[in-house]
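Participant: Fold the following.
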Amino acid sequence: MATVKKLGGTVGAEVQGVGLDQLLSDESLPAWCLKVLEENGALVFRGLYIDDEIQRAFSQKLNEVDGAPSGEPPPIFRVTLDPTMSASAEYLKGAFFWHIDGASDDIPSKATLLSAHVLSESGGETEFASCYAAYDDLSDEEKERYGLLRVVHTFERSQLLVKPDASDEERAAWRERRPDKVHPLVWRHRTGHCSLVLGVSALRVEGMDLEEGQALLAELLERSTRPEHVYRHEWGLGDLVIWDNRGVLHRAAPYDPSSGRDMHRTSLVGDEPIQ
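Facilitator: A predicted model of the protein is given here:
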């Protein structure tokens, strides 16, 4: 019988009592996982050693998978800094900063599944921070004020932190790849919960002086990522982690790009615009 063990104060829980065979054979498991994911923000399955075929199939049981053409298996995105293994290796260095996936999209992905295939000797831990808890911690006055603010998110900002000397052509390519998007600072979810939409992509607050707006965003990010709101996962080989991408920030701890670290990711299609 599946049970959960809390790992953090406001985010993170370990799923116990679920074996590899149950991922596809237990028809009640997907709905149960989505329920406890909503309650805990991130779920850890230790030492499952899930292969790509099972990850694809289990992801599809949870939800439609991003990038899956009709009638074809969903793609596996390899999270690695080795350019021989992934064409996206260079821009993935932006994952060392707090973010949600697809912050410059109209509808970010619902959740992310990440499995550990090769680990680095040091570094590479993943931290998760609850932006639901960060919103709940605001005063009533702050909730009212911040509920009126809108924030410009840009993919370019995270890349400039990694490559500040980028050429005009590179910057233009980043903007073309992920155009800027304006979102409310407070995401009012269909569930009735609210979360703050923050992270490295948050560039400025509309209608506010640039420096003042950036200072506010930095303060809120610092408050959102206080230790009591963070779960730090130290990966074991074969671990699978699922997290709620809508209200949970994440970042990877730096690691040696030549380490061979190789994580396999599937993303569940979002069904809720930031509003």
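Participant: ok, Pro227 - contacts?
Facilitator: Listed by Cβ atoms under 8 Å, 6 or more residues apart in numbering, the contact set of Pro227 is empty. C-beta here means a position set from N, CA and C on the backbone, and glycine is covered the same way.
Participant: per-residue confidence at it?
Facilitator: Pro227 carries a pLDDT value of 92.
Participant: Torsion angles phi and psi at it?
Facilitator: phi -50, psi -40 (degrees, to the nearest 10).
Participant: cool, the one 5 residues further on as well?
Facilitator: Main-chain torsions, Arg232, degrees, to the nearest 10: phi -110, psi 120.
Participant: same check, this time on Leu240
Facilitator: The phi/psi pair for Leu240 (degrees, to the nearest 10) is phi -120, psi 130.
Participant: What of Thr266?
Facilitator: Torsion angles, degrees, to the nearest 10, at Thr266: phi -130, psi 150.
Participant: Roughly how far does the residue lying closest to it once chain neighbours are set aside sit from Gly17?
Facilitator: Nearest non-adjacent residue to Thr266, counting by Cβ to Cβ, 6 or more residues apart in numbering: Ser59, 4.2 Å away. Here the criterion is Cβ to Cβ, to the nearest Å. By it, Ser59 lies 21 Å from Gly17.
Participant: likewise Ala68?
Facilitator: In terms of Cβ to Cβ, Ala68 sits 29 Å off from Gly17.
Participant: out of those two, which sits in the busier spot?
Facilitator: It is Ala68, of Ala68 and Gly17, that has more neighbours when counted by other Cβ atoms under 10 Å, with 17 against 9.
Participant: show me where pLDDT drops low in the stretch 1-150 of the chain?
Facilitator: 70-71 (pLDDT under 70).
Participant: Ile100 and Asp244 touch, don't they?
Facilitator: No. The criterion here is Cβ atoms under 8 Å, and Ile100 misses it with Asp244 at 9.5 Å.
Participant: gap between stretch 167-181 and the chain center?
Facilitator: 21 Å (Cα atoms, centre = their mean, to the nearest Å).
Participant: Repeat that for stretch 107-121.
Facilitator: With Cα atoms, centre = their mean, you get 8 Å for stretch 107-121.
Participant: ok, now stretch 226-239?
Facilitator: Put simply, stretch 226-239 sits 13 Å off its chain's centre (Cα atoms, centre = their mean).
Participant: before we move on, what about stretch 120-130?
Facilitator: 12 Å.
Participant: Give the rounded mean pLDDT of stretch 189-205.
Facilitator: 94.
Participant: gap between the two ends of that stretch?
Facilitator: As for stretch 189-205, its first-to-last residue distance stands at 21 Å under the measure Cα to Cα, to the nearest Å.
Participant: Give me the distance between Asp239 and Ser258.
Facilitator: Asp239 is 22 Å from Ser258, where distance means Cβ to Cβ.
Participant: The longest helix along the chain - contacts with which helices or strands?
Facilitator: Ranked by number of residues, the top helix in the chain under DSSP state H is helix 210-224. In this structure, helix 210-224 packs against helix 131-136, strand 202-205, with contacts taken as 3 or more Cβ pairs under 8 Å, 6 or more residues apart in numbering; DSSP states H and E.
Participant: 10 Å instead?
Facilitator: Here helix 210-224 touches strand 126-130, helix 131-136, helix 140-146, strand 150-153, strand 194-196, strand 202-205, going by 3 or more Cβ pairs under 10 Å, 6 or more residues apart in numbering; DSSP states H and E.
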